[in-house]
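S.K.: Below are the sequence and a predicted model for it; my questions follow.
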Amino acid sequence: MAVLGCARTAVGGLGTRSGRSWLGITDSCSGAGAGAAVVTGGIRMRVIELFAGAGGAALGLERAGFSHAALVERDADACATLRAAGLGPVVEGDVRDLDAVAAVAGESCDLLWSSYPCQAFSQAGRRLGAEDDRNGWPWTVDAIDRFSPTWFLGENVRGLLSFDYFDEVIMAQLRQRFRCARFWLLNAADVGVPQHRRRVFTWAGPSPLVPPTRTHGPGMFTEPWVSMGEALRINGASSLMRRPSPTVTAVGECKGSGAGANPHKMQRASDALFLATGRRRLTVAECATLQGFPDGYPWHACRTKSARYRAIGNAVPPALAEAVGRTVINAAGGESC
Ligand SMILES: C[S@@+](CC[C@H](N)C(=O)[O-])C[C@H]1O[C@@H](n2cnc3c(N)ncnc32)[C@H](O)[C@@H]1O
């Protein structure tokens with residue numbers, strides 16, 4: 001594990017707005033920044049993040065206590081947003097160019113995170129799976145073999161679970177490389193995000209991980225789920241506003257909903273908005289709120305409105321990534337500042 005100094009500069013300047021930090025970390029370990037976690041002795045675990053998008057997972061991992069050795073992303077708008085948010089170092093390019101990643105991150109890391117592209121396995125796509133030339137799993141394995149991370153976390157859509165490829169290739173390859181390898185199916189609503197968004201997290205490492213604590217949901221020992229109406233400050237009689245929103249999508253919210261919206265099979269968050277209020281479309285800011293991004297996150301760095309919707313809809317909710325990242329920090333013997 002690499003030893004980094006305790007002082008942090010990532011939140012300075014562009015990483016802050018109105019004196020608040022996106023990252024939830026302070027410049028010094030002695031100041032208990034909200035959500036800051038540092039492994040004993042001021043050591044931060046280093047993460048290489050593949051397919052970083054505009055920073056949903058990145059924000060959560062920084063809040064959990066990781067320090068990025070590299071964020072790898074090829075989309076120019078997403079990279080501009082990462083930089084504007086103070087997240088870095090950004091490697092703008094293809095994840096297959098491992099020499100470019102190593103030139104920034106060095107030859108090792110504590111954690112490799114990969115949000116390998118999901119179109120190949122998505123219910124919404126053509127579900128070509130491993131045959132799809134956008135399947136990012138083989139590139140992820142190449143990165144594991146190159147950087148030999150102590151821990152691995154992978155994130156994908158739940159449609160992945162219905163492919164034999166998941167067990168026969170993905171889990172099998174992780175079991176060949178790590179002592180422990182398993183997966184969890186997690187819902188962002190269960191950690192306080194105002195949205196039902198279920199994702200598969202594969203994890204692997206030298207010892208078992210304890211799954212994130214469910215903090216929200218039905219039951220005596222949790223807070224109630226955060227509703228769509230509460231998050232967007234939309235009051236009204238519709239029961240649709242009194243529950244977490246349907247999943248925010250990458251392109252659907254941009255187009256909006258309309259008369260075809262089916263209350264029994266809501267494909268996107270805009271369907272719920274339309275059925276409850278007659279408004280067709282969620283704004284960019286509303287989508288970001290439903291994903292749990294902080295107010296004022298620099299979406300303006302994406303040059304077009306559709307690029308903003310896409311970056312937001314593709315993201316891992318920061319709170320979910322933080323909860324998952326903390327499981328590694330905890331297993332590695334970390335403690336909060
Ligand atoms: C599901 S999104 C990742 C979202 C991100 N984890 C977050 O939390 O915001 C997948 C990303 O992978 C990027 N991508 C796809 N293929 C890539 C490649 N070969 N090299 C680098 N980035 C790639 C896309 O541009 C997209 O931003």
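M.R.: Right, received. Where do you want to start? Numbering: from 1, shown residues only.
S.K.: right, and Pro263 touches Leu275 too?
M.R.: Yes - between Pro263 and Leu275 there is a contact under C-beta atoms under 8 Å: 5.6 Å. Using the backbone N, CA and C atoms, a C-beta is placed for each residue, glycine as well.
S.K.: Secondary structure class of the nearest residue to Phe183 once chain neighbours are set aside, three-state.
M.R.: In space, and not counting its chain neighbours, Phe183 is closest to Thr202: 4.5 Å by C-beta to C-beta, 6 or more residues apart in numbering. Of the three states, Thr202 takes strand under DSSP: H, G, I helix; E, B strand; the rest coil.
S.K.: circling back: quick check: neighbours shared by Pro263 and Leu275?
M.R.: Jointly contacting Pro263 and Leu275 under the rule C-beta atoms under 8 Å, 6 or more residues apart in numbering are Leu240.
S.K.: Pick out whichever of those two has more residues nearby.
M.R.: Leu275 (16 against 11; other C-beta atoms under 10 Å).
S.K.: Please identify the helix or strand for the more buried one.
M.R.: Using DSSP states H and E, the element containing Leu275 is helix 269-277.
S.K.: Just the CA coordinates for that helix, please, in CSV.
M.R.: Only the C-alpha atoms of helix 269-277 are listed here, as CSV (Å, rounded to 0.1, in the frame of the first residue of the first chain):
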residue,chain,number,x,y,z
ALA,A,269,-37.8,8.9,-13.5
SER,A,270,-39.5,11.3,-15.9
ASP,A,271,-42.4,8.9,-16.2
ALA,A,272,-43.2,9.4,-12.5
LEU,A,273,-42.8,13.1,-12.8
PHE,A,274,-45.3,13.2,-15.7
LEU,A,275,-47.8,10.9,-14.1
ALA,A,276,-47.7,12.9,-10.9
THR,A,277,-47.5,16.5,-12.2
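S.K.: Quick check: which helices or strands does that helix pack against?
M.R.: Secondary-structure packing of helix 269-277 (3 or more C-beta pairs under 8 Å, 6 or more residues apart in numbering; DSSP states H and E): helix 228-232, helix 252-255.
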